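Q: pasting a predicted model and its sequence here:
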Amino acid sequence: MKTTKFVQVLGISAAIVLVAGCSKNQSQPTASPEAPPSTNTEGSRGTVERAKEVASATAEVVVQTKNQTVATAEKEMQAIDAKINALAQKSQSYTNAAKTEAEAALAQLRQQRDTAARKLEELKAAGQDNWQDAKAGINSALEQLEQTYDTLKAKFKT
């Protein structure tokens with residue numbers, strides 16, 4: 001959320017720089033009524049360059065934030081994998097109906113894990129324009145996966 005606000009502030013800053021640069025050109029007095037209007041291309045180029053720098057900095061922040069989000073999601077996936085494996089090990093000692101029920105529950109859990117893995121790949125492949133949506137997708141998938149795990153862990157507690 002803080003990152004989104006930071007990116008928004010950078011975007012607003014870029015807009016202010018552009019507006020401020022444009023208004024400088026319009027408010028300059030002319031030397032005489034017969035003189036041709038000033039085009040001030042140096043000021044325009046400077047404003048364009050500043051806008052490019054702000055856009056580049058914004059893009060850099062987005063990439064860094066996305067990379068941090070990917071790294072965090074990968075760590076969460078590794079942690080849930082370990083939890084699933086521990087639950088599977090524990091279920092090996094179950095017999096009959098309990099074992100069948102545990103295997104079905106683990107299959108559902110692994111299916112949700114696979115969904116989360118696909119969402120992670122979508123996040124990795126996402127561009128600047130859609131990475132926030134991909135982030136929401138992986139966060140939702142990981143949250144559901146963790147909830148399902150917690151439910152199953154409580155259910156099969158010995």
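A: On my side now, so go ahead.

Q: report pLDDT for Val48.
A: We have a pLDDT of 81 for Val48.

Q: residue contacts, it?
A: Shown in contact with Val48 (Cβ atoms under 8 Å, 6 or more residues apart in numbering): no residues. C-beta coordinates here come from the backbone N, C-alpha and C atoms, glycine included.

Q: okay, now Asp150: neighbour count?
A: 11 (other Cβ atoms under 10 Å).

Q: tell me the helix or strand right after the helix or strand bottoming out on mean pLDDT in the chain.
A: Counting by mean pLDDT, DSSP states H and E, the weakest-scoring helix or strand in the chain turns out to be helix 2-26, with a mean of 45. Using DSSP states H and E, the helix or strand that follows helix 2-26 in sequence is helix 41-91.

Q: so which elements touch whatever helix or strand Gln111 lives in?
A: Here Gln111, judged by DSSP H and E, is contained in helix 96-125. If contacts are counted by 3 or more Cβ pairs under 8 Å, 6 or more residues apart in numbering; DSSP states H and E, helix 96-125 sits against helix 41-91, helix 131-155.
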